[in-house]
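*Asks:* Build me a structure from this.
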Amino acid sequence: MSVSSDEELDLANVDLPSFTTEERQSIRKAIDHFYKNEFEEASSIFADVLSNRLTDYRISHNLIISGFYQNGLKDVDRFREQFADVLNEANIELNDLKVENISQPVFLYNLALMYFQDRQPWKALELATTLSKHLRLADYSCPLGKRTRLLIMELYITLQNFDLALDKIEMETKRKFRQSMSAGSSTSGMSPCSSISDLSESVLRNEAEQQYDQSVKIKMQEYKTLALLCTRTLNAAKKEYKILGTMTATAFSNEYGRTIVSFLKAYYNYLRGNIRKGLTIISAITIPKTIDSFLETGDNMTMIINNNLGCCHYSLGKPTIAAWYFQKASQESNKPEYKDRKSLPIHCLSFNKKYEIMYNFGVSLLHAKQSQEAFNVLTICQIAFPSNPRLWLRISECCVQLYKSTNENDFMWTEKKRNILRGIENEVPLGKLECLSTDVIDPEKPKPTLRYALHCIETALPLINTESVLRFCRLDVRPSNPITNAVEIYTLRANILCTGAFITLTLGHYAYTVRLCNELIGMIGVPNVFNYLGKVYLSEALFKQGDVTLGLEMFSEKLISNYTLNLTNVTEYEGFSYGCTSFNREGSGEPGTSDTGVTTTPPPVKFSHLGSSLGFKSASEWHPKDELTSRATVVYNRAVALTALNYHQEAAAVIDEWNSRVSFSGHSLPADFIILQIYLNLRLGNMEKSSRLFRQHYCPMATIPQQQLRS
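*Replies:* Below is the predicted model of the structure:
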């Protein structure tokens with residue numbers, strides 16, 4: 001999208017001298033040249049007219065616009081200064097702008113475009129919305145009105161208000177239909193909202209304007225298709241991108257239109273779960289070998305394609321390959337030829353999606369087990385997305401993964417655990433807390449410690465607990481699309497609470513853990529796995545802070561038997577970049593992540609995305625992997641609690657009752673479960689049973705060491 005002056009310039013103003021006949025003819029000629037892209041001739045004529053009207057800010061405006069086009073829309077900083085001077089000359093007050101006070105709508109339209117290109121979409125939307133209410137722009141046939149309404153659609157897409165964008169598109173389509181019906185018998189060409197006095201209709205309704213009308217139809221179809229995809233209205237989106245394909249096939253003589261359709265089609269298949277098909281479509285897109293395509297469209301195709309390939313590979317459970325593609329996309333955006341602001345047109349300045357791609361890159365590194373590198377990348381993204389609770393959660397996951405990269409050893413026989421049975425170590429450690437630094441956290445130089453992870457959790461929770469999020473059921477998680485599903489919002493909140501509970505429990509902040517777990521357990525409508533974990537963490541926190549009886553109640557039979565844990569390995573599927581459109585050229589969003597990656601018991605939990613179920617491969621695996629072993633873990637914790645209270649017989653009874661009711665055929669018990677069984681049988685004098693367990697799980701021909709028998 002390019003910044004342009006509208007062709008209909010407002011020359012009717014009582015505060016300025018009227019134009020002579022010669023001046024009017026010169027202005028007509030200059031506008032004709034401007035329509036024909038003959039910007040040098042247009043600038044020359046406007047300069048001649050201005051030499052006789054030095055205080056006429058309308059001609060000054062036209063001159064800097066045509067000069068800007070003549071310069072290839074480059075040197076934006078200089079143009080911005082000139083444009084600001086024109087606004088000052090026109091005495092346009094933006095602080096208290098009202099519709100009835102707008103005398104130069106084209107000035108404000110160009111200013112809205114400047115805001116948009118400067119990545120200030122909210123300011124652009126506010127200005128464009130006010131401008132659209134202007135009486136002279138309300139008529140459908142007014143060219144400036146069309147541009148303003150199209151800009152508003154584009155801004156809604158950029159701000160991820162897809163429902164509002166669809167509403168605007170629907171309204172514009174109906175207006176167009178009514179206009180075409182009423183114009184059936186009309187032959188008048190002069191628009192009633194014309195902003196040039198006494199100019200012929202050949203200037204106002206020329207061939208360039210007709211071509212623009214055709215491009216508006218195509219652009220609106222792009223917006224509609226994309227908005228439907230982003231709202232997961234996939235069946236309707238499929239119909240719309242097919243219509244778009246027909247329109248672009250006849251309207252474009254180059255590959256650009258077909259590329260737009262290819263990206264949208266790939267995005268559709270990506271959301272459908274047909275990842276390999278989407279991958280095939282993207283791989284077939286031709287990557288331009290020169291910078292000319294980028295300078296013309298503002299779309300860096302190499303960056304877009306690499307980002308999308310990374311999203312697809314991530315969704316296929318290949319985070320390492322995904323990270324490689326995201327790194328390539330990031331390197332492309334950092335090339336020197338893309339950094340010189342004076343040499344790039346204005347529509348190319350906003351192409352650089354450094355932070356969006358870095359976000360994807362960081363999440364992929366996290367799931368590729370490169371936690372330190374992921375932490376370094378994601379902390380950079382805090383600058384761009386400080387209000388994204390999911391980003392803060394990911395950073396905390398990096399810290400947790402560095403502290404405890406896997407919990408697989410907790411459920412396997414290790415040499416250390418075998419040494420316990422051999423008598424090399426005479427006591428079973430029930431938990432070891434790492435001594436952490438008490439240094440003050442420096443936000444500018446964060447370190448991947450558990451204390452910083454707790455800081456991230458404390459930052460994320462207020463962002464998701466706001467009244468607006470809970471009332472309107474919309475959570476902004478830029479660069480991903482907003483979460484508008486209540487179940488997903490509550491599940492993300494549950495995950496943040498669960499992660500915080502794990503961190504505080506590890507740090508020894510037991511009272512804090514109790515508060516987080518109580519809040520987690522009280523949540524309704526979230527997967528049972530979070531309730532399960534909340535009670536596991538709560539019981540341990542209560543036990544360690546001295547509330548033994550209450551902690552023991554948490555390990556009750558109710559917790560063991562009343563939950564059906566959903567341990568499906570399915571991940572989120574955000575982050576696809578459709579590209580090749582002026583409203584969005586980024587690799588926005590994360591490529592898909594597990595929202596239970598930091599927990600020490602369950603693997604990732606499946607999310608519901610408006611009826612779409614995707615069988616993606618999980619990038620992280622956590623233990624236990626099955627529901628039976630998860631329940632055995634709770635039994636073990638209850639038995640440990642009873643053992644710590646010297647209720648050895650009751651502890652042994654808990655384990656024996658569990659073994660009598662459950663068959664572990666095809667499942668292996670956690671190592672600590674077996675060690676505790678041997679220990680309890682030794683304490684109760686059941687030597688034969690202890691020997692049998694020892695031979696079964698340590699060495700078939702071995703006997704219990706004498707020092708263990710004497711203990």
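
*Asks:* how much space is there between the residue most central in space within the chain and Gln160?
*Replies:* Centroid check for the chain by C-alpha atoms, centre = their mean gives Ser480 as the closest residue, at 1.4 Å. Distance of Ser480 to Gln160, given as C-beta to C-beta, to the nearest Å: 9 Å. Quick note: C-beta positions are derived from backbone N, CA and C, even for glycine.

*Asks:* wait, the residue nearest to the centre of the chain sits on Leu391?
*Replies:* No - using C-beta atoms under 8 Å, Ser480 is not in contact with Leu391, being 9.5 Å away.

*Asks:* distance between stretch 487-506 and the chain's centre?
*Replies:* The chain centre lies 19 Å from the centre of stretch 487-506; the measure is C-alpha atoms, centre = their mean, to the nearest Å.

*Asks:* Correct me if wrong: Ser132 contacts Lys146.
*Replies:* No - contact criterion C-beta under 8 Å: Ser132 and Lys146 do not qualify, at 10.5 Å.

*Asks:* And for Asn334, nearest residue in space, chain neighbours not counted?
*Replies:* Spatial nearest neighbour of Asn334, excluding adjacent residues (C-beta to C-beta, 6 or more residues apart in numbering): Lys354 at 7.5 Å.

*Asks:* can you pull the contacts of that neighbour?
*Replies:* By C-beta atoms under 8 Å, 6 or more residues apart in numbering, the contact list for Lys354 reads Ser330, Ser333, Asn334.

*Asks:* which of those lies closest to Thr504?
*Replies:* Of all the contacts of Lys354, Thr504 sits closest to Ser330, with 34.6 Å by C-beta to C-beta.

*Asks:* Let me know the helix or strand that the closest one is in.
*Replies:* Per DSSP states H and E: Ser330 is located in helix 319-333.

*Asks:* show me where the stretch 151-300 of the chain has helices.
*Replies:* Taking DSSP state H, counting those that start in this stretch, the helices of the stretch 151-300 of the chain run over residues 162-182, 201-204, 207-230, 234-251, 256-272, 275-283, 292-297.

*Asks:* among the ones you listed, which is nearest Glu373?
*Replies:* helix 275-283 (24.8 Å).

*Asks:* Give the buried residues for the closest one.
*Replies:* Ile275, Lys277, Gly278, Leu279, Ile281, Ile282 (16 or more other C-beta atoms under 10 Å).

*Asks:* so who does the first one touch?
*Replies:* Right, Ile275. Ile275 sits next to Asn269, Cys312, Ser315, Leu316, Phe616 when contact means C-beta under 8 Å, 6+ apart.

*Asks:* mind redoing it with 7 Å?
*Replies:* If you count contacts by C-beta atoms under 7 Å, 6 or more residues apart in numbering, Ile275 has them with Cys312, Ser315, Leu316.

*Asks:* where does the stretch 351-500 of the chain have low pLDDT?
*Replies:* Within the stretch 351-500 of the chain, the stretches with pLDDT under 70 are 409-411, 413-444.

*Asks:* Please enumerate the strands of it.
*Replies:* Under the criterion DSSP state E, counting those that start in this stretch, the stretch 351-500 of the chain contains no strands.

*Asks:* neighbours of the residue lying closest to His61 once chain neighbours are set aside, just the number please.
*Replies:* Closest residue in space to His61, ignoring its immediate chain neighbours: Val86 at 4.9 Å, by C-beta to C-beta, 6+ apart. Look at Val86: counted by other C-beta atoms under 10 Å, it has 22 neighbours.

*Asks:* Make sure Val86 is indeed in a strand.
*Replies:* No - counting by DSSP: H, G, I helix; E, B strand; the rest coil, Val86 is not part of a strand but helix.

*Asks:* Number of residues surrounding Pro462?
*Replies:* Pro462 is flanked by 10 other residues according to other C-beta under 10 Å.

*Asks:* actually Thr55, sorry about that
*Replies:* Here the number of neighbours of Thr55 (other C-beta under 10 Å) works out to 11.

*Asks:* Kindly indicate whether it is helix, strand or coil.
*Replies:* coil.

*Asks:* What does it show for phi and psi?
*Replies:* Backbone torsions for Thr55, taken as degrees, to the nearest 10, come to phi -100, psi 10.

*Asks:* From start to finish, how long is stretch 309-321 in a straight line?
*Replies:* 9 Å (C-alpha to C-alpha, to the nearest Å).

*Asks:* any idea how far it is from the chain center?
*Replies:* 16 Å.

*Asks:* Show me which parts of that stretch are buried, residue by residue.
*Replies:* Leu309, Gly310, Cys311, Cys312, His313, Tyr314, Ser315, Leu316, Gly317, Lys318, Pro319, Ile321.

*Asks:* residues touching Pro121, list them.
*Replies:* Neighbour list for Pro121: Leu155, Thr158, Leu159 [criterion: C-beta under 7 Å, 6+ apart].

*Asks:* and the gap between the nearest residue to the last one once chain neighbours are set aside and Ile169?
*Replies:* Nearest in space to Leu159, with sequence neighbours left out and distances taken as C-beta to C-beta, 6+ apart, is Pro121 at 5.3 Å. The span separating Pro121 from Ile169 equals 18 Å under the rule C-beta to C-beta.

*Asks:* repeat for Tyr69
*Replies:* Per C-beta to C-beta, Tyr69 is found 29 Å from Ile169.

*Asks:* Also Glu458?
*Replies:* From Glu458 to Ile169 the distance is 41 Å (C-beta to C-beta).

*Asks:* Same question for Tyr35.
*Replies:* In this structure, Tyr35 and Ile169 are 27 Å apart, going by C-beta to C-beta.

*Asks:* Then Leu155?
*Replies:* 13 Å.

*Asks:* now do Arg478
*Replies:* With distances taken as C-beta to C-beta, Arg478 is found 23 Å from Ile169.

*Asks:* how near is Leu264 to Tyr355?
*Replies:* To Tyr355, Leu264 is 24 Å away according to C-beta to C-beta.

*Asks:* neighbour count winner among those two?
*Replies:* Taking other C-beta under 10 Å, Leu264 and Tyr355 do not tie; Leu264 has more neighbours (26 against 18).

*Asks:* Just confirm the more buried one contacts Lys224, I think it does.
*Replies:* No - with contact defined as C-beta atoms under 7 Å, Leu264 does not count as touching Lys224 (10.6 Å).

*Asks:* neighbours around Lys242, how many?
*Replies:* The local packing of Lys242 (other C-beta under 10 Å) involves 13 other residues.

*Asks:* Thank you, goodbye.
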